[in-house]
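Colleague: Here is a sequence together with a model predicted from it:
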Amino acid sequence: AGEKPADASSAKVTALKEREAADELTRVLKDIQTLQAQFQQTTMDNGGRRLQESSGDMVLKRPNLFRWNVADPFPQEVVSNGQQVSYYDKEMEQITLQDLDLASSATPALLLSGDTAAMLESFAVNMAKTSGNHFFTLLPKGGDSPFQELQLTFVDGRLSNMVLLDSLGSRTKILFDKVVMNEPVKDKLFEQYVPPGIDVLDQRASVMNAQKPASQSVGKP
Amino acid sequence: CASNQRITPAPDKPLSNAELEQAWQHNLAQARKVDSWHVSGRAGVKTPQQSGAVTISWDRSPETFSIYMTGPLGQTLARLEGQGKDGDYHRVSLDVPGNEPVVSGSAEQLLYLQTGWMLPFTSLDYWMRGMPAPGNDYVRVLNERGYLAELHQNGWKVSYGSYRDVSGVQLPEKVRATREGVAVILSIKEWELP
């Protein structure tokens, strides 16, 4: 290649740094076998106007098990049992089921509890490290990613916050509080209880392709 | 920003038909003055095959509107924007993160492309203010204080829940439009008028 030596070495240095950052992120995430926390989420548009705010609590267990209870302003539950994600919208009185890998609106939960190696295939990682604090920046490798940038911040080895900057320029920030790591959690947490009278709308590919009537409302009179 | 406290219960003695009609004309005139707002709330569509609900942040003026739809964990799922005059938006674009923007002459066509349902966007822009859309005849049912309880227009049945006082104007908190098994639900948490 016609690269001048200087470019070649600097390219090598950044590649090494990226390798190190990816390994460090893998190690930090792998250390999280289970995680429980309260969260505050704020989303702003590219002009800085507040679009959405929510708060609640979450629990996750590696790999791919999570429960995200949004308390307010609109009570919802996002639960993954490792294969499917269920979105329970209490006000709309409905539960929607999606395949885990298509559950694009659960990215924050997938990032923390999912397969890190798979994630690293689509994101390049940069890391800044100060005494005990890790600040990871993930930049999408592909051109058509819905995200411009993702950020993960750990303070003293504990998850502190997460930022998702999407391709429209809107910015979702999630602050984690009262973080408890690697305490045992009951697997029952990752099942979605279906209250009577609630519509269950199954949008999983297997069901949609089989053209089975998708809506099974449970316990409807 | 606008005060959002609950309205007081109905007056003690019921209004006569003439009084009700007068109240309705007054309320309609008030609603017509509302042409710019910021609304945050929930929008849901329910059909036998598919359904979904999103959090919305809706900014509207006679010349432009911008509706952000965000998911349960705060991610922006889509943004619908429109340009036009006097609430007639002739250029509408839909932006989904990671996709190219799609532009069309009507929000209805764009939403149909994206969701597969004919959603009465232009009418909803009026219905959500507690009034019928212009230009088409309608049948109305008033509540005891001369506000819309129910409206039949363009083949849709629109039913209203409670209203809330926003800077002196009574505006709906919940609007449900149904037609042939498709239900569009708008639950408004915050009205802000300029």
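Modeller: It's in. Numbers count the residues shown, from 1 in each chain, chains lettered A, B, ... in the order given.
Colleague: ok, residue B:127 touching residue B:177?
Modeller: Yes: in this structure, residue B:127 is within contact of residue B:177 by CB atoms under 8 Å, at 6.6 Å. C-beta coordinates here come from the backbone N, C-alpha and C atoms, glycine included.
Colleague: I'd assumed residue B:54 was in contact with residue B:40.
Modeller: No: under the criterion of CB under 8 Å, residue B:40 is not in contact with residue B:54, lying 11.6 Å apart.
Colleague: buried stuff in the helix of greatest length in chain A?
Modeller: Criterion DSSP state H: the longest helix present in chain A is helix A:5-30. In terms of neighbour count (16 or more other CB atoms under 10 Å in any protein chain shown), helix A:5-30 has its buried residues at A:18, A:21-22, A:24-25, A:28-29.
Colleague: Would you list the strands that the helix or strand following that helix pairs with, along with their directions?
Modeller: Using DSSP states H and E, the helix or strand that directly follows helix A:5-30 along the chain is strand A:34-44. Strand pairing for strand A:34-44, using DSSP bridges, gives strand A:50-61 (antiparallel), strand A:171-181 (antiparallel).
Colleague: Could you export these to JSON lines, including columns for mean pLDDT, mean neighbour count and distance to residue A:44?
Modeller: Below are the strands paired with strand A:34-44 laid out as JSON lines (pLDDT from 0 to 100; neighbours: other CB atoms under 10 Å in any protein chain shown; distance: least, CB to CB, whole Å):
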{"stretch": "strand A:50-61", "mean pLDDT": "96", "mean neighbour count": "20", "distance to residue A:44": "6"}
{"stretch": "strand A:171-181", "mean pLDDT": "97", "mean neighbour count": "17", "distance to residue A:44": "5"}
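Colleague: can these go into JSON lines with extra columns for distance to residue B:86?
Modeller: Shown next, in JSON lines, are the strands paired with strand A:34-44 (distance: least, CB to CB, whole Å):
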{"stretch": "strand A:50-61", "distance to residue B:86": "26"}
{"stretch": "strand A:171-181", "distance to residue B:86": "33"}
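Colleague: what about the helix or strand harbouring residue A:109 and chain B, touching?
Modeller: Using DSSP H and E, residue A:109 falls within helix A:107-113. Yes: if you take CB under 8 Å from any CB of the partner chain as the test, helix A:107-113 does meet chain B, through A:107-109.
Colleague: What is that helix packed up against?
Modeller: strand A:50-61, strand A:65-72, strand A:76-81, strand A:147-155, strand A:158-166 (3 or more CB pairs under 8 Å, 6 or more residues apart in numbering or on different chains; DSSP states H and E).
Colleague: State the mean pLDDT of it.
Modeller: Mean per-residue pLDDT for helix A:107-113: 89.
Colleague: How about the most centrally placed residue in chain A: what's its closest non-neighbour residue?
Modeller: In chain A, the residue lying closest to the centroid (CA atoms, centre = their mean) is residue A:108, at 1.8 Å. If the residues on either side of it in the chain are set aside, residue A:108 comes closest to residue B:73, at 5.0 Å by CB to CB, 6 or more residues apart in numbering or on different chains.
Colleague: Residue A:172 is in contact with the one you found, correct?
Modeller: Yes: in this structure, residue B:73 is within contact of residue A:172 by CB under 8 Å, at 7.4 Å.
Colleague: Overlap of the contact sets of the two?
Modeller: Taking CB atoms under 8 Å, 6 or more residues apart in numbering or on different chains as the contact criterion, the common neighbours of residue B:73 and residue A:172 are A:41, A:108.
Colleague: low-scoring stretches of the chain, by residue?
Modeller: With no chain named, the answer covers chain A. For chain A, applying pLDDT under 70 flags the ranges A:1-7, A:208-221.
Colleague: Correction: the question concerned chain B.
Modeller: B:1-11.
Colleague: Return the residues of it in contact with chain A.
Modeller: Residues of chain B lying close to chain A by CB under 8 Å from any CB are B:40, B:42, B:44, B:46, B:48-53, B:55, B:57, B:59, B:68, B:70-77, B:79, B:95-99, B:185, B:187, B:189.
Colleague: If any of the residues you listed are buried, give me the PyMOL selection for them.
Modeller: Of the residues of chain B next to chain A, the buried ones can be selected in PyMOL as follows, counting by 16+ other CB under 10 Å:
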select buried, chain B and resi 40+42+44+46+50+51+52+53+55+57+59+68+70+71+72+73+74+75+76+77+79+95+96+97+98+185+187
